[in-house]
Every structure is written in structure tokens, then in C-alpha cells.
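Trainee: Structure for this input, please:
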Amino acid sequence: MTKKIVVTGIGASSPVGGTAPDSWAGLLAGESGAHSLTHDWVAELDLPVTFAAEAKVRPDEVLERIEIKRLDPVSQFALISAREAWADAGSPEVEPDRLGVEWATGIGGLWTLLDAWDTLKEKGPRRVLPMTVPMLMPNAAAAAVSMNLNARAFARTDVSACASSTESIANAFDHLQSGYADVIVAGGSESSIHGITLASFASMQALSKRNDDPATASRPYDISRDGFVMGEGAAALVLETEEHAKARGARIYAEIAGGGVTSDSYHITAPDPEGWGAARAVRAALAQAGATVDEVTHINAHATSTPVGDIAEYRALLAVFGDRVHDIPVSATKASTGHLLGGTGALEAIFTILAVANRLAPPTINITEKDPEIPLSVGGDAQSLGDGPQLAISNSFGFGGHNSVIAVRSYDA
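Mentor: Numbering: from 1, shown residues only. A predicted model of the protein is given here:
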């Protein structure tokens, strides 16, 4: 029997806000989280890109000192967002064996790894911290969340580049349907704004190089787009069956109606230019939702602002929706937040959830001249979704040809 899976809690730490409500407010206000980096290492390394979208509220403003010391930033952000989501859900009473964690990251504990390498070279092996491996391993964030919430059903980690945390939500949907847990905390985090990633992404021509104007550097669908902006942070969702949520009197934001996960099997960094894998993921999410393409009222696009990525996603959407895609309100929220890599899908899932709940598609900033080859309904102002039931999709695609899409339905009890 198919169960209805609902969202009862949300939490986030993003470049436009330290909480989920603040991030949503910053997004609606058209804020940009991108700014010039002031760290000493930026000038020392002579980086070609000197800006990024760092989290607006730093972890040391929220966490205890011992937590900062024992957790890599990727796990720090995870803990912040998961705690917020859990409190927002009313801190539900659930047996530990029926509470699961489905977390995601694209890279993991990069800062811990590279700091330890520097320590090893400069000070020798005796000075390398014994907690180095537990801090850098990709599953560390899932472990931190599960230990904090006493979640014993499972603590899984999805690592699918920039599709990771959308995949974590799709997997959580399946695991709740299968009865593996009654409640799951799903999400993702990333903290990889580091010289090595900035240099590497810049070397492959993936990053915008607008050092003189960071706030307008991320320009999805604009004819002058030249790459994405690195972001960091985390987002978490509390998911449970409708039956479980209603039994405890929980507030319900929206329904996760389905998910789709596919692979391009095309290229390690470039998307399939025709978007066939992405299109199959969209169709799979809608099929699992029992929905038709005509029911979709909003799209939160992956839209990284890369020349090839944006056009490939458009072709995928065109293949699924036909000419109707030009009339569906689209939001490209990375223009404001930058690209949180493995954490981006969960953050955009929250934006999609709030969009259908509030019947409002958030604005896409920085479009000055829209690319005529991508004639989507996207603009600088928020768009009303109108009254009545809403069904939205949120897309995430990553290096390696990973495609993840979720379908979100408005909930009106």
C-alpha cells in the first residue's frame, strides 16, 4: 500500500540566512550571498577566483566549542540544520529504532583532510590529530546527526556530487514507503570553500570569474553567464508518514510525492547535452507521484549558471513538458545562494516546499539579458502560483552524470 510521505520540519544554514525562515526571507528579498573572500590564503595562493557564497551565520556562533573542535565544518553545518528541523517538527517522540538519518555530501571533510596534511608536512606525524579520520570521512555528518538525535534505524550517506541531497530525500521517501523507519531526517551539507576547490573548479572553467562583482556573478539563463559560484551550508527535512504525523498532531508543510534517480553514463563532468538522463529522472519522480506533466505548477531548476549546464537542463525539461514548459514558473535559486554542491538539493527542496505552501515561486536575481535559447518563465520578481493544488519538481544534477529529482505536492488537510 502506498503511503503519503509528509514534511513536518525544516532547517537550514545558508549563504542568505542562518535558519530556514531567514533563508527563505533572504531569497524572497532578492539577496545575494556571494562576496569577496577576506581570508589570508586567498591572496597568498593567487587564486583566479576570489569570491564565494559563505554561510551567513558561522558555526561558532551556534555550536558549543567542543562541537566545533571535534567536527569538520561539513558536520557542523549538518548538526545545525538537523537540530533546527527537529525542533521545528516538535521534537517528535519516536523509538530510536524507528528513527533514521539519510544524509548527503558531495566531498565530505575537506578542511580536516587538508589541514591534517599541512600539519603532517610541517610538524610531523605525532601532531596529526587522532580524530582526523573520523572527522574527514564522508559519513561523519550522518553519524553526528544520528548520535545527536539518537537515531538507530540507520544512518546512511549519499555521495552523488551535486545531486547528493536530492537523492537523500528520494531515498528517504523509499525507505519510509518500505517501512524501514517511521521518521527520517534527510538532508545534506557541504563546506568546501577552500583554495584547492576554487583553483580546481576555476581550472576546468566551471566557476564565474567576476571578481569585481560577486553579488551578480551567478547568472542562470543569462546570455553572459560564465560559471557557478561556490556556496556552503546545509539543509535538513524531517519526513514521516502522514499517518504518523497526524497521530502526533504535527504541522505538515507539504508532501514529498515521489523521487527519480538516474545516470547519464556520458561524461565525468559534462551533462548529456540533450538531457536524456535528466528527463528520465523527472519522469520517474512524476510517475512515483502518480502525477502527469500537466499537473506541474512550479520548477526549482538546478540552473548552476554554466553555459552548457543550463541549456542541457532546458532541453531535458522541454523533452518532458513540451512547449508547456515555457509557461511554468521557474526559479533558479543558486543565483542567490551560490552552489552548495552536495548540500544544494536539500536547500532547494526546502525552497520548493515553501513555494508550494505559500503559492509563490521565489525570484531569480541577476538576469539582465535572458538567453533566447532558454525561453523559460523565469524573472527577477516572485511569481504567484495561484490558488488550488500545487505540484512542483526540484532538480539536481552532478558530476559523474548523477541526476536526482523530487516531486513536491502542496498539503491541504
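Trainee: for whichever helix or strand residue 133 is part of, which positions count as buried?
Mentor: Using DSSP states H and E, residue 133 sits in helix 132-136. Using 16 or more other Cβ atoms under 10 Å as the test for burial, helix 132-136 gives 132, 134, 135, 136. C-beta here means a position set from N, CA and C on the backbone, and glycine is covered the same way.
Trainee: Go through the residues you listed and name the one nearest residue 142.
Mentor: residue 134 (12.3 Å; Cβ to Cβ).
Trainee: In this structure the closest one contacts residue 140, no?
Mentor: Yes - using Cβ atoms under 8 Å, residue 134 makes contact with residue 140 at a distance of 6.2 Å.
Trainee: quick revisit: which elements pack onto the helix holding residue 133?
Mentor: helix 110-123 (3 or more Cβ pairs under 8 Å, 6 or more residues apart in numbering; DSSP states H and E).
Trainee: Which neighbouring elements make contact with the helix it packs on?
Mentor: The contact analysis (3+ Cβ pairs under 8 Å, 6+ apart) places helix 110-123 against helix 73-88, helix 132-136, helix 195-203.
Trainee: so of these, which one's packed in deepest?
Mentor: Counting by mean count of other Cβ atoms under 10 Å, helix 73-88 has the highest mean neighbour count of the helices and strands packed on helix 110-123, with a mean of 27.
Trainee: list the helices and strands that helix packs on?
Mentor: In terms of contacts (3+ Cβ pairs under 8 Å, 6+ apart), helix 73-88 is packed against strand 5-13, helix 20-28, helix 65-70, helix 110-123, helix 140-149, strand 183-190, strand 233-241.
Trainee: rerun that using 6 Å as the cut-off
Mentor: Judged by 3 or more Cβ pairs under 6 Å, 6 or more residues apart in numbering; DSSP states H and E, helix 73-88 is in contact with strand 5-13, helix 140-149, strand 183-190, strand 233-241.
Trainee: Hey, what's the angle from that helix to strand 233-241? Just curious.
Mentor: Helix 73-88 and strand 233-241 meet at an angle of 40 degrees, taking axes from the mean of the first three to the mean of the last three Cα atoms, to 10 degrees as the criterion.
Trainee: so how far is helix 73-88 from its chain's centroid?
Mentor: Counting by Cα atoms, centre = their mean, to the nearest Å, helix 73-88 is centred 14 Å from the centre of its parent chain.
Trainee: re earlier: closest one to residue 57 out of the buried residues of helix 132-136, please.
Mentor: Closest to residue 57 out of the buried residues of helix 132-136 is residue 135 (21.3 Å), distances taken as Cβ to Cβ.
Trainee: State the distance from the closest one to residue 69.
Mentor: To residue 69, residue 135 is 10 Å away according to Cβ to Cβ, to the nearest Å.
Trainee: Please produce CSV containing the helices and strands packed on helix 73-88, extended by mean neighbour count and distance to residue 156.
Mentor: Output for the helices and strands packed on helix 73-88, formatted as CSV (neighbours: other Cβ atoms under 10 Å; distance: least, Cβ to Cβ, whole Å):
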stretch, mean neighbour count, distance to residue 156
strand 5-13, 28, 16
helix 140-149, 24, 6
strand 183-190, 34, 9
strand 233-241, 31, 13
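Trainee: between these, which one is nearest to residue 48?
Mentor: Closest among these, using Cβ to Cβ: strand 183-190, at 21.1 Å.
Trainee: partners of that closest one, with directions?
Mentor: Here strand 183-190 is paired, per DSSP bridges, with strand 99-104 (parallel), strand 233-241 (antiparallel).
Trainee: Contacts for the first one, please.
Mentor: It refers to strand 99-104. Outside of strand 99-104, the residues within contact range by Cβ atoms under 6 Å, 6 or more residues apart in numbering are 141-142, 145-146, 151, 153-158, 164-165, 168, 171-172, 181, 183-186, 188, 342.
Trainee: got the CA positions of it in PDB?
Mentor: Taking Å, rounded to 0.1, in the frame of the first residue of the first chain, the C-alpha atoms of strand 99-104 are listed here in PDB:
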ATOM      1  CA  LEU A  99      14.200   6.900  13.500                       C
ATOM      2  CA  GLY A 100      16.600   7.100  10.600                       C
ATOM      3  CA  VAL A 101      19.100   9.600   9.100                       C
ATOM      4  CA  GLU A 102      19.600   9.900   5.300                       C
ATOM      5  CA  TRP A 103      22.300  12.400   4.900                       C
ATOM      6  CA  ALA A 104      24.400  13.600   1.900                       C
END
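Trainee: Between helix 140-149 and that strand, find me the angle.
Mentor: Using the same axes, to 10 degrees: strand 99-104 against helix 140-149 is 160 degrees.
Trainee: A helix includes residue 41, no?
Mentor: Yes - using DSSP: H, G, I helix; E, B strand; the rest coil, the secondary structure at residue 41 is a helix.
Trainee: That one: how many residues sit nearby?
Mentor: By other Cβ atoms under 10 Å, the residues close to residue 41 number 11.
Trainee: ok, back up a step: and which of the buried residues of helix 132-136 is nearest to residue 122?
Mentor: Residue 122 lies nearest to residue 132 out of the buried residues of helix 132-136, by Cβ to Cβ, at 14.8 Å.
Trainee: For that closest one, which residues are in contact?
Mentor: By Cβ under 6 Å, 6+ apart, the contact set of residue 132 is residue 116.
Trainee: Would you quantify the distance from it to residue 113?
Mentor: Separation of residue 132 from residue 113 (Cβ to Cβ): 8 Å.
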